[in-house]
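Participant: Quick one: sequence and predicted model below, then my questions.
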Amino acid sequence: MLEKIKEKLTDGKTVIVGIDGLGGAGKSSISEEIYEELSGENIPIQVFHIDDFIHPKKIRYNDNYAEWECYYNLQWRYDYLLENVINPIRKNGKFTGLIELYDKDEDRYEKKSVDIKEGSVVLIEGIFLQREELSQVFDYMIYIDVPESERLTRVLKRDGYIGTADDIKEKYENRYFPAERHYVNMYSPSKLADYVIKG
C-alpha cells in the first residue's frame, strides 16, 4: 500500500490519497500510521479529515428530511473542499493559504494556515469518499472494510459524547447506518478502491 503511494510521487507530483470507510472502521488510526511512515521517510504529508469540511448544525439537521438523508446529503461542504483545496492543488501542484476548518465544539469555522509543497502526499480520511461528488479527486483510494456489527461495538465504546449506549445505538440506527447502507448499495466502495483493508 505505502509502496503504491510512493510510486505515484513521480516528477514532483502531489498525490491525493483517500482513506474511505464507514463509521468505526478505523480510518483515523490507519491515517496516523501512514502519516508516521511517510513523514519518517521525509515525505511531506498533509492530513485532512472530511469532518473538517462539514456544514454547521443549522444546515446539516433539517426536519424536512429523514435523519439519514440529512447525514448523507446535507453534512459536508464538498463544494468548498473542491474549490478551495483540491482544485488549487490540481492546478498548481501545491497550495499555500488559509482554509476554513469546522470546529465541532463551537459549531463554527476556524481559519487554518496550510502549506502543501510540490511532491507532497495529501491524505484525506473520512466516510463516503468514493461518491460521485468526489470521483475526480483521488489518485489512490484505500477502503477499510469492517462488518457493521464490529463497528457498532467500537462506536459504543468511542462515542460516549452522544450519551448512553441506547442513545448511541438509536443515533446510528436512525442517522448513520441507513446512510452507510445507501452508500454501499450505490457505489460498492470495496470494489472501487485501489486497496482494501479487511478489519
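Facilitator: Structure received.

Participant: Give the burial count for M186, as a bare number.
Facilitator: By other CB atoms under 10 Å, 13 other residues sit near M186. For glycine as for every other residue, the C-beta is placed from the backbone atoms N, C-alpha and C.

Participant: isn't it right next to R131, touching?
Facilitator: Yes - in this structure M186 lies within contact range of R131 using CB atoms under 8 Å: 7.4 Å.

Participant: what comes into contact with stretch 125-140?
Facilitator: 4-5, 8, 15-23, 27-28, 30-31, 47-51, 72, 76, 78, 82, 86, 124, 141, 143, 179-180, 183, 186-187, 189, 192-195 (CB atoms under 8 Å, 6 or more residues apart in numbering).

Participant: if you set the cut-off to 7 Å instead, what comes out?
Facilitator: 4-5, 8, 15-23, 27-28, 31, 47, 49-51, 78, 86, 141, 183, 187, 189, 192-194 (CB atoms under 7 Å, 6 or more residues apart in numbering).

Participant: Using PyMOL, define a selection of the buried residues within these.
Facilitator: A single PyMOL command selects the buried members of those (16 or more other CB atoms under 10 Å):
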select buried, resi 5+15+16+17+18+19+20+21+22+23+27+31+47+49+50+78+86+141+183+187+189+193
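
Participant: from the contacts of stretch 125-140, which ones fall inside strands?
Facilitator: Those of the contacts of stretch 125-140 mapping onto strands are V15, I16, V17, G18, I19, D20, G21, V47, H49, M141, per DSSP state E.

Participant: so what's the second one up against?
Facilitator: For I16, the contact set (CB under 7 Å, 6+ apart) comprises I89, V122, I124, V137, F138, D139.

Participant: change it to 10 Å
Facilitator: 8, 46, 48, 85-86, 89-90, 120-124, 137-141 (CB atoms under 10 Å, 6 or more residues apart in numbering).

Participant: Out of the residues you listed, which sit inside helices?
Facilitator: I89, R90 (DSSP state H).

Participant: tell me the mean pLDDT for the longest helix seen in the chain?
Facilitator: In the chain, taking DSSP H as the definition, the longest helix is helix 27-40. Helix 27-40 shows a mean pLDDT of 96.

Participant: what's the answer for stretch 135-142, then?
Facilitator: 96.

Participant: next one: it to chain centre, how far?
Facilitator: 11 Å (CA atoms, centre = their mean, to the nearest Å).

Participant: Ends of it, what's the gap?
Facilitator: 14 Å (CA to CA, to the nearest Å).

Participant: before we move on, back to that, please save the CA atoms from the longest helix of the chain in CSV.
Facilitator: Extracted C-alpha coordinates of helix 27-40, given in CSV (Å, rounded to 0.1, in the frame of the first residue of the first chain):
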residue,chain,number,x,y,z
LYS,A,27,-9.9,5.4,9.3
SER,A,28,-8.1,7.8,11.7
SER,A,29,-5.8,5.0,13.0
ILE,A,30,-4.8,4.0,9.5
SER,A,31,-4.2,7.6,8.6
GLU,A,32,-2.0,8.1,11.6
GLU,A,33,0.1,5.1,10.6
ILE,A,34,0.5,6.3,7.1
TYR,A,35,1.4,9.7,8.3
GLU,A,36,4.1,8.3,10.6
GLU,A,37,5.5,6.1,8.0
LEU,A,38,5.8,8.7,5.2
SER,A,39,6.9,11.6,7.4
GLY,A,40,9.5,9.2,8.8
